[in-house]
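Engineer: The following comprises the amino acid sequence and a computationally predicted model.
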Amino acid sequence: MLTEALIGALCGLGLFIAIRALIPSRPGAAAQVAQIDALRARGQFGAPSAADGSLRERIGLRIAQFYARQGWQQRSVRADLSLLERSWQQFLVTKLGLAALGFVFGPLLFVLLWFAGLHLTPIIPVWLALAFGGLCFILPDLEVRRDATAKRDDFRRVVAAYLDLVSMNLAGGRGLPEALMTAAEVSDGWALRRVRDCLTDARLSGVPQWSALGDLGTEIGIKELTDLGAALNLVADDGAKVRASLASRAETMRRRELSEMEGKAGARSQSMLVAQILLAAGFLVFIVYPAAVRIFQLH
């Protein structure tokens, strides 16, 4: 009875979620503001049509609208996707597709085990479907977080060097807007290209460049850029204070990076030490075991 009741409860919950997702609900104020911000970020003021684009794009748009109606912001994931220059809609489609594959793979595995001669209870395929579906649903989040963490560390190193370049340009007599753009034109790397595009958009739209840097830091989750934009907004009219602030921030970021590298090196040294101890212990067991066996056999 417990198994049948649990299966019925799961089926009822799935049916309720499906009906709730299909019935359109009235979007709240937060969802409407989020949709307006998304349209402004893409530079379009007309509502996107779900009939445009491929099937994958239409499905992604539907899922994104559902997230907006429910008020699920997912700010950290969006920041990671923005840093990786990936689409939010494509990411949602990938999550849904992998979850569907995992949900199907669980019962398929149960069928294979059944034909192999392993007869299990009927509740097992339900749990397999839920487990594989949930695991596959969170796999894209783990991948995006891993890639974004590595790329964010690279961006921080580039920002530290960029601040030194801006400070040197200010010392050479350039103004702050010109120094920011000149320092960003030194390299064609992806990080400085992102900063250069941000500064160009700010210049064309009439927004202060330091404010645009702060918005970029908020968008991609780089706290150093956000703090830099706020600090430059306070001392933008004083060249000496700007140079001192940039130099101190660059030095602080280099020291923090050095301490993090030393911490990682220490952790790796400890792991190597543990591996060496286990290897030595295994070697000692390999040497002592024959002698111990002979001693016990004599007794």
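Structural biologist: Perfect, thanks for sending it.
Engineer: Tally up the residues packed near Leu213, please.
Structural biologist: Residues lying near Leu213 (other C-beta atoms under 10 Å) number 27. All C-beta spots, glycine's among them, are computed from the backbone N, C-alpha and C.
Engineer: confidence score at the residue lying closest to Ala148 once chain neighbours are set aside?
Structural biologist: The shortest distance from Ala148 to any residue other than its chain neighbours is 3.5 Å, reached at Asp80 (C-beta to C-beta, 6 or more residues apart in numbering). If you check Asp80, the pLDDT there is 91.
Engineer: where along this structure do the helices fall?
Structural biologist: Listed in chain order, the helices of the chain (DSSP state H) span 2-22, 29-42, 55-70, 75-84, 88-115, 124-171, 176-184, 190-205, 209-220, 223-235, 239-298.
Engineer: Mind telling me which of those helices the model trusts least?
Structural biologist: Per-stretch mean pLDDT for these is lowest at helix 29-42 (a mean of 55).
Engineer: Against Asp215, how distant is the closest residue in space to Ala212 that isn't next to it in sequence?
Structural biologist: Of all residues not flanking Ala212 in the chain, Ala202 sits nearest, at 3.4 Å (C-beta to C-beta, 6+ apart). Ala202 sits 9 Å away from Asp215, going by C-beta to C-beta, to the nearest Å.
Engineer: Give me the more crowded residue out of the two.
Structural biologist: Counting neighbours by other C-beta under 10 Å for Ala202 and for Asp215 shows that Ala202 has the greater number, 21 against 17.
Engineer: pretty sure that one contacts Ser211?
Structural biologist: Yes. Between Ala202 and Ser211 there is a contact under C-beta atoms under 8 Å: 7.2 Å.
Engineer: Now for the residue nearest to Ala148: which residues touch it?
Structural biologist: When contacts are counted by C-beta atoms under 8 Å, 6 or more residues apart in numbering, Asp80 touches Val144, Arg145, Asp147, Ala148, Gly221.
Engineer: Outline the domain layout of this structure.
Structural biologist: As assigned by automatic domain parsing, the chain contains the domains 34-148, 152-254.
Engineer: Number of residues surrounding Gly173?
Structural biologist: 9.
Engineer: Same list, the domains of the chain, but as JSON lines with distance to Met261 please.
Structural biologist: Below are the domains of the chain laid out as JSON lines (distance: least, C-beta to C-beta, whole Å):
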{"stretch": "domain 34-148", "distance to Met261": "19"}
{"stretch": "domain 152-254", "distance to Met261": "10"}
